[in-house]
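Trainee: next comes the sequence, and after it the predicted model I'd like to discuss.
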Amino acid sequence: MAISSKPGSNRPIDGVPTRLRSEKFIRFLCFACAAISILTTLGIVLVLSTEAIAFFTKSKVTPAEFFLGTEWSPTFNDPKFGIVPLVCGTALITVGACVVAVPIGILTAIFLSEYAHPTVRKIAKPVLELLAGIPTVVYGYIALVYLTPGLRTFIKELEVFNALSGSIVVGIMILPLVSSLCEDAISAVPKGLREGGYGLGSTKLEVTSKIVLPSALSGIMAAVILAMSRAVGETMAVTLAAGQTPNVTADYRQSIQTMTSYIVQISKGDTPTGSIPFLTIFAVGATLFLITMGLNIVAIKIVRKYRKVYA
Amino acid sequence: MNFLLLRRLRTRANRRWVKDKMFEFLCQLSVLLAVVILISLLWSVFSTGFGRVSSQFLTSFPSRIPQNAGVKAAILGSLWVVGITAVVAIPIGVAAAVYLEEYKIRDSKLTDFIQINISNLAGVPSIVYGLLGLELFVRLAGLGRSILAGSLTMTLLILPMVIIVSQEALKAVPRTIREASYGLGATRWQTIRYQVLPSALPGIMTGIILSLSRAIGESAPLITIGAVTYISSIPEGVNDRFTVLPIQIFDWSSRPQKGFQDAAAGAIVVLLAILLVMNSLAIILRARARR
């Protein structure tokens, strides 16, 4: 009997199903593509760690001096490599952005899931996505050209570059993320819990504040932490708005520098590759990576715990 | 009337009612506040930017004189980078999603690990990808500060997003379609190729368009790998140096002259117009997919 090779036939040839072999190949190809993600992580860790180690050996700075030093002036004649001013700048922006985004974000999420008409909700979701898609450099421009001059009419001591307008625009930037994730968390609370509350004669406020929010708390916390991690890694808006002055301060009117804007500053200049200032961007990048990674892992842990409750 | 209202307030039930209404008002106020702030900020950009956009602005190279400056090099650079990013990232991202959704082995440690790894990667700041690209593509692979190096960096940046959205689209394909296909004797790949992927296609496309629009707006990693701001020739190949729209905006915004800041507003209008077209396309596709 002739061996059929018609397409669609599943007949084995020479005992080996050929299609199975090609199927295995395709499966392997797909696996290879998925494995690229692991290679990416590996690449990030390797690149950051080797270059950061090169920085420490070449500059003879100890990790203790690096992480605890309060002066950052890598390009001066008498260079100082203490990352605290950059971390402080990043922290200022992150806290400021959360002060703006978290209350408004949670209230917006409550409005969308508890009060808004379904049509409004249907329109609001894509609009939030659209807003989340506005490039960060646009927010930087807005802060520098409109927000800072506007704020300076009220606050006289405000510098041209300042942490305040940087925080506000980063807050506006992460607002869609906060409200969208919080809305997901609040909508995931089972309807039965709410109905139980209403059945006992509670008002909407009482149901929301005493039943819905506590049930959605872990989801909301995860949303806030993810938003924080986004603010920590935010680059272009803070580079444009908050300045290039490494500064240990809690004064939002001053010019500061974040970890990300330091990396941009060095990348834009003509720093020779392999020099110590060039290597610092990897040491700073490694610190940034560790901070955001830590925040993301905490958020994922919280989300996993929360899934178990209502799965 | 006022007296009656006061008397009503005195009862506990009515105090609760008033509190409830106040909270509703607070929620509405916060939404309104967010919307008003956003619209006013965008309006301020558009009111200066629109006047700046002209055919001269779209077809000129950057210039020392703000009035002559244009975004031609930046638009072409952005198109090159996004085009190559799309060509590389789409097949890899979809294939990875197919592996994770269609070939997954239940309770496989490896698949779990890849999955966690992808969601972690999605949270890594874009500038860290820039550092990776600088070391890997610009220095080790010797690609230099070229379009190709920029596109490959962008590919790594958007891959987690492409994979996650493609997975969502694949998950939405009903199980029955797969079972019917297996029932007719199709193999796994035939099922994926002829049944699952076509049904998931609109969802995948939506996700890909959103990921690519992120790539268009992203500038930090490209600055890190050394994209320049002053380009006065059209890029002719993947090995040329380049600039992109967001970097051009960044450069113009940071200059003190009013003329350049207006040019930045013009470039923002162009960038947002491109993004709006892409996002509308994505929303239309998704609406059609849901039908």
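Mentor: Structure received.
Trainee: find the centremost residue of the chain, please.
Mentor: Answering for chain A, as no chain was given. residue A:230 (2.0 Å; Cα atoms, centre = their mean).
Trainee: actually, chain B is the one I wanted.
Mentor: Central residue of chain B (Cα atoms, centre = their mean): residue B:214, at 1.9 Å.
Trainee: coming back round to it: so how far is residue A:260 from the residue nearest to the centre of chain A?
Mentor: 12 Å (Cβ to Cβ, to the nearest Å). In this view, the C-beta of every residue, glycine as well, is placed from N, C-alpha and C.
Trainee: quick one: the helices in chain A?
Mentor: Using DSSP state H, the helices of chain A run over A:18-59, A:63-68, A:84-110, A:118-132, A:136-142, A:148-152, A:163-187, A:191-199, A:204-207, A:213-233, A:236-242, A:259-268, A:276-310.
Trainee: next, format the ones you listed as a markdown table and append distance to residue B:67 and mean pLDDT.
Mentor: As requested, those are exported to a markdown table (distance: least, Cβ to Cβ, whole Å; pLDDT from 0 to 100):
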| stretch | distance to residue B:67 | mean pLDDT |
| --- | --- | --- |
| helix A:18-59 | 43 | 88 |
| helix A:63-68 | 47 | 87 |
| helix A:84-110 | 35 | 93 |
| helix A:118-132 | 32 | 81 |
| helix A:136-142 | 19 | 92 |
| helix A:148-152 | 23 | 88 |
| helix A:163-187 | 28 | 91 |
| helix A:191-199 | 60 | 91 |
| helix A:204-207 | 57 | 90 |
| helix A:213-233 | 37 | 91 |
| helix A:236-242 | 23 | 90 |
| helix A:259-268 | 25 | 90 |
| helix A:276-310 | 36 | 85 |
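Trainee: tell me the most buried of these?
Mentor: Ranked by mean neighbour count under mean count of other Cβ atoms under 10 Å in any protein chain shown, the helices of chain A are led by helix A:236-242, which reaches a mean of 32.
Trainee: any residue of that helix touching chain B?
Mentor: Yes: under the criterion of Cβ under 8 Å from any Cβ of the partner chain, chain B is reached by helix A:236-242 at A:236, A:239, A:240.
Trainee: for the stretch 151-300 of chain A, what lies in contact range of chain B?
Mentor: Counting by Cβ under 8 Å from any Cβ, the stretch 151-300 of chain A comes close to chain B at A:172, A:175, A:179, A:203-206, A:208-209, A:226, A:229-230, A:232-236, A:239-240, A:260, A:263-264, A:267-268, A:273, A:281-282, A:285, A:288-289, A:292-293, A:295-297, A:299-300.
Trainee: let's see it at 6 Å
Mentor: Contact residues, the stretch 151-300 of chain A versus chain B (Cβ under 6 Å from any Cβ of the partner chain): A:203-205, A:229, A:233, A:235-236, A:240, A:260, A:263-264, A:267, A:285, A:289, A:292, A:296.
Trainee: and the residue of the stretch 51-200 of chain B closest to chain A?
Mentor: The minimum distance from the stretch 51-200 of chain B to chain A, using Cβ to the nearest Cβ, falls at residue B:125 (2.5 Å).
Trainee: what about residue A:77, neighbour count?
Mentor: 5 (other Cβ atoms under 10 Å in any protein chain shown).
Trainee: contact partners for the residue in the stretch 151-291 of chain B positioned nearest to chain A?
Mentor: In the stretch 151-291 of chain B, the residue that lies nearest chain A is residue B:217 (3.0 Å; Cβ to the nearest Cβ). Neighbour list for residue B:217: A:135, B:246 [criterion: Cβ atoms under 6 Å, 6 or more residues apart in numbering or on different chains].
Trainee: separation between it and residue B:246?
Mentor: Taking Cβ to Cβ as the measure, residue B:217 falls 6 Å from residue B:246.
Trainee: what sits in contact with each of the two?
Mentor: residue A:135.
Trainee: grab the nearest non-local neighbour of residue B:67.
Mentor: residue B:259 (6.3 Å; Cβ to Cβ, 6 or more residues apart in numbering or on different chains).
Trainee: wait, doesn't that neighbour sit right on residue B:66?
Mentor: Yes: using Cβ atoms under 6 Å, residue B:259 is in contact with residue B:66, at 2.7 Å.
Trainee: and these two? Which one has more around it.
Mentor: The neighbour comparison of residue B:259 against residue B:66 (other Cβ under 10 Å) goes to residue B:66, with 18 against 15.
Trainee: who touches that one in this structure?
Mentor: Applying Cβ under 6 Å, 6+ apart, the residues contacting residue B:66 are B:257, B:259, B:260, B:263.
Trainee: with secondary structure and distance to residue B:179 added, can I get those residues in JSON lines?
Mentor: JSON lines is the format used below for the contacts of residue B:66 (DSSP: H, G, I helix; E, B strand; the rest coil; distance: Cβ to Cβ, whole Å):
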{"residue": "B:257", "secondary structure": "coil", "distance to residue B:179": "66"}
{"residue": "B:259", "secondary structure": "helix", "distance to residue B:179": "65"}
{"residue": "B:260", "secondary structure": "helix", "distance to residue B:179": "61"}
{"residue": "B:263", "secondary structure": "helix", "distance to residue B:179": "58"}
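Trainee: so which of those is the most crowded?
Mentor: Most neighbours among these, by other Cβ under 10 Å: residue B:263, with 29 neighbours.
Trainee: thought that residue was touching residue B:70?
Mentor: No: the criterion here is Cβ under 6 Å, and residue B:263 misses it with residue B:70 at 8.3 Å.
Trainee: distance to residue B:186 added to the helices of chain A, as a markdown table?
Mentor: Converted to a markdown table, the helices of chain A look like this (distance: least, Cβ to Cβ, whole Å):
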| stretch | distance to residue B:186 |
| --- | --- |
| helix A:18-59 | 10 |
| helix A:63-68 | 58 |
| helix A:84-110 | 44 |
| helix A:118-132 | 36 |
| helix A:136-142 | 46 |
| helix A:148-152 | 62 |
| helix A:163-187 | 36 |
| helix A:191-199 | 40 |
| helix A:204-207 | 50 |
| helix A:213-233 | 40 |
| helix A:236-242 | 49 |
| helix A:259-268 | 50 |
| helix A:276-310 | 34 |
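Trainee: which one of the ones you listed lies nearest to residue B:23?
Mentor: Nearest to residue B:23, of all these, is helix A:204-207, at 4.3 Å by Cβ to Cβ.
Trainee: please name the residues that touch the residue of the stretch 151-300 of chain A found nearest chain B.
Mentor: The minimum distance from the stretch 151-300 of chain A to chain B, using Cβ to the nearest Cβ, falls at residue A:233 (2.5 Å). Residues counted as contacts of residue A:233 (Cβ under 6 Å, 6+ apart) are A:292, B:125.
Trainee: so what's the residue count around residue A:75?
Mentor: 13.
Trainee: that one and residue A:57, how far apart?
Mentor: Taking Cβ to Cβ, one finds residue A:75 at 20 Å from residue A:57.
Trainee: so which of the helices of chain A comes closest to residue B:282?
Mentor: helix A:118-132 (8.7 Å).
Trainee: count of neighbours near residue B:249?
Mentor: Residue B:249 has 30 nearby residues by other Cβ under 10 Å.
Trainee: what's the answer for residue B:227, then?
Mentor: A count of nearby residues for residue B:227, using other Cβ under 10 Å, gives 28.
Trainee: got the phi/psi numbers for it?
Mentor: Main-chain torsions, residue B:227, degrees, to the nearest 10: phi -70, psi 140.
Trainee: what residues does it make contact with?
Mentor: Neighbour list for residue B:227: B:242, B:243, B:247 [criterion: Cβ under 6 Å, 6+ apart].
Trainee: tally of neighbours for the last one?
Mentor: The one in question is residue B:247. By other Cβ under 10 Å, the residues close to residue B:247 number 26.
Trainee: output the one helix or strand it maps to in PDB with nothing but the alpha carbons.
Mentor: Following DSSP states H and E, one finds residue B:247 within helix B:245-253. Provided in PDB are the C-alpha atoms of helix B:245-253 (Å, rounded to 0.1, in the frame of the first residue of the first chain):
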ATOM      1  CA  LEU B 245       9.900  62.100  18.300                       C
ATOM      2  CA  PRO B 246      10.000  61.900  22.100                       C
ATOM      3  CA  ILE B 247      13.700  62.600  22.200                       C
ATOM      4  CA  GLN B 248      13.200  65.600  19.900                       C
ATOM      5  CA  ILE B 249      10.500  66.800  22.300                       C
ATOM      6  CA  PHE B 250      12.800  66.300  25.300                       C
ATOM      7  CA  ASP B 251      15.600  68.300  23.600                       C
ATOM      8  CA  TRP B 252      13.400  71.200  22.600                       C
ATOM      9  CA  SER B 253      11.600  71.400  25.900                       C
END
